[in-house]
Each structure stands twice: as C-alpha cells, then as structure tokens.
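# the amino acid sequence is not available; the structure is as follows:
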C-alpha cells in the first residue's frame, strides 16, 4: 500500500502518469482546502489486503464499526462516507475519522492483483458516479 502522509513530499518516479495525476490532484485539493495536515492518501497496490489497511490506517474496508457488520452481511455498508468510480481506472473512497477534519483518501485501481473481495465490494456499493 502506497501511503502519503506528507503532502509536500515528491512522488516516486515509478508511478504511472494517470495515477500520478490523480495523486497530484488530490494532494493539491487538500493543500488548497487547508487540509494538508489532516489528509492521509492511500493508493491500494497489488496484493494489498485487509491487513494492509489495518496496519497503515487502523481500519478495515470490510468492517463497519457503527453497525458491527462485515462485508457479506445484509445490513453492511462500507465504513467510508463517500465512494465513487473513476472512469477507466478504478475507485476513490473518503473515510473521515472524527469531527476534526481528518480523512483518508483511498485510491483503488481496477487492476490485476488488487484484492478481489475489495473490488467486488466496490462494484456493489460504488458501481458508477
């Protein structure tokens, strides 16, 4: 999982141009809105799973702590407050933490090697936007 906590740092050169633009746009938006210190950007990568989310962001995309349900339960809703499709690329989700403005911006490519359970959940709950 590629994690950006310092929005003023340089991005690695190996990021493809489209993903680089997505990251750059999200970084710019957070800075312009005065949220640079309260934004943590996550780029899901090949072979990342629930443990990577727990280790990097201390939450699971498959568990909603408010309803105490996991993905697959009929009452489950993802834990984030918004998600949407990025045409021809994948998805974006925003997971806010508390009322102080802190948020995770999560970018999930629709690509080979991305957790199938995560992609299935996104297709179900954020099919288009």
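Structure's in. What do you need? All values reported here derive from a predicted model rather than from experimental measurement.
# and the nearest residue to residue 50 once chain neighbours are set aside, what does it touch?
Using Cβ to Cβ, 6 or more residues apart in numbering and skipping the chain neighbours, the partner closest in space to residue 50 is residue 60 (5.1 Å). (Each C-beta comes from the backbone N, C-alpha and C, glycine too.) By Cβ atoms under 8 Å, 6 or more residues apart in numbering, residue 60 lies in contact with 50, 53-54, 79.
# got the phi and psi for residue 60?
Main-chain torsions, residue 60, degrees, to the nearest 10: phi -110, psi 130.
# gap between residue 106 and residue 58?
13 Å (Cβ to Cβ, to the nearest Å).
# cool, and residue 82?
Counting by Cβ to Cβ, the gap from residue 82 to residue 58 is 19 Å.
# most neighbours, which of the contacts of residue 60?
residue 53 (24 neighbours; other Cβ atoms under 10 Å).
# does that residue really touch residue 3, like I thought?
No. The pair residue 53 and residue 3 fails to qualify as a contact (Cβ atoms under 8 Å) at a distance of 10.8 Å.
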